[in-house]
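**Q** next input, structure requested:
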Amino acid sequence: MMTIRLIAMFLVLLLLGSCNNNVLDLDHSKILKIISSPDKKIDAVLIATTGGATVADGNKVYILLSGKKITEHDHPILVADYTRNLDIIWRANKRLNIKYDDARIFQFTNFWKSEELDNWNYIVEIDLENNSMSKEFKPAEKRPL
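**A** Modelled structure (predicted):
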């Protein structure tokens with residue numbers, strides 16, 4: 001009887017441990033901002049990523065169903081490094097604005113939709129807004145003091 005209980009406890013712990021395997025590794029990332037859309041159906045999430053010794057620190061922006069955690073199956077709508085004054089703002093339902101002064105952008109998509117929300121019919125428009133006066137990319141370490 002004791003053996004059955006130990007096996008059952010082991011299986012429960014194994015199941016609980018496997019539930020979090022797909023969640024974003026926050027050891028190398030930090031959530032900077034989470035904002036809900038005005039209709040509260042989805043969240044925009046701004047993440048800071050640690051690049052390590054040879055790669056620059058960066059940022060990612062995700063759109064997720066409200067309250068959902070980022071998993072390895074979610075795709076960022078923005079991936080950038082050398083960012084300065086990066087921010088996310090909801091302008092309206094289904095309208096997200098990403099503002100920045102400087103950024104080296106590797107990936108950007110101007111829309112988001114999900115099968116889980118209105119069967120692909122809830123489409124978010126994403127605007128990318130460069131607020132620098134020159135509109136010229138100037139990485140922080142190359143700026144004069």
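
**Q** pLDDT below threshold where in the chain?
**A** 1-27, 135, 137-145 (pLDDT under 70).

**Q** ranges for the strands of the chain?
**A** 29-36, 42-49, 58-65, 78-84, 87-92, 95-100, 102-108, 111-112, 124-130 (DSSP state E).

**Q** now for the first one, which elements pack on it?
**A** To tie it back to what came earlier, the one meant is strand 29-36. Other elements packing on strand 29-36 under the criterion 3 or more C-beta pairs under 8 Å, 6 or more residues apart in numbering; DSSP states H and E are strand 42-49, strand 87-92. All C-beta atoms are positioned from the backbone trio N, CA, C, and that covers glycine.

**Q** what about 6 Å?
**A** Where contact means 3 or more C-beta pairs under 6 Å, 6 or more residues apart in numbering; DSSP states H and E, strand 29-36 is packed against strand 42-49.

**Q** quick revisit: mind putting the strands of the chain into a markdown table with distance to residue 72 and mean neighbour count?
**A** Formatted as a markdown table, the strands of the chain follow (distance: least, C-beta to C-beta, whole Å; neighbours: other C-beta atoms under 10 Å):
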| stretch | distance to residue 72 | mean neighbour count |
| --- | --- | --- |
| strand 29-36 | 12 | 14 |
| strand 42-49 | 13 | 21 |
| strand 58-65 | 12 | 21 |
| strand 78-84 | 15 | 19 |
| strand 87-92 | 21 | 16 |
| strand 95-100 | 22 | 19 |
| strand 102-108 | 16 | 16 |
| strand 111-112 | 18 | 16 |
| strand 124-130 | 21 | 16 |
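
**Q** residue 71 is nearest to which of those strands?
**A** Nearest to residue 71 among these is strand 58-65; the distance by C-beta to C-beta comes to 9.1 Å.

**Q** and the closest one, which strands flank it?
**A** Using DSSP bridges, strand 58-65 pairs in its sheet with strand 42-49 (antiparallel), strand 78-84 (antiparallel).

**Q** of those, which is nearest residue 102?
**A** Across those, the minimum distance to residue 102, taken as C-beta to C-beta, is reached by strand 78-84, at 4.1 Å.

**Q** send me that closest one as CSV with only the CA atoms.
**A** Written as CSV, here are the backbone C-alpha positions of strand 78-84 (Å, rounded to 0.1, in the frame of the first residue of the first chain):
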residue,chain,number,x,y,z
LEU,A,78,8.7,42.4,-32.1
VAL,A,79,12.3,41.3,-31.5
ALA,A,80,14.9,44.0,-31.1
ASP,A,81,18.1,45.0,-29.3
TYR,A,82,19.9,48.3,-28.7
THR,A,83,16.6,49.8,-27.7
ARG,A,84,16.1,53.1,-26.1
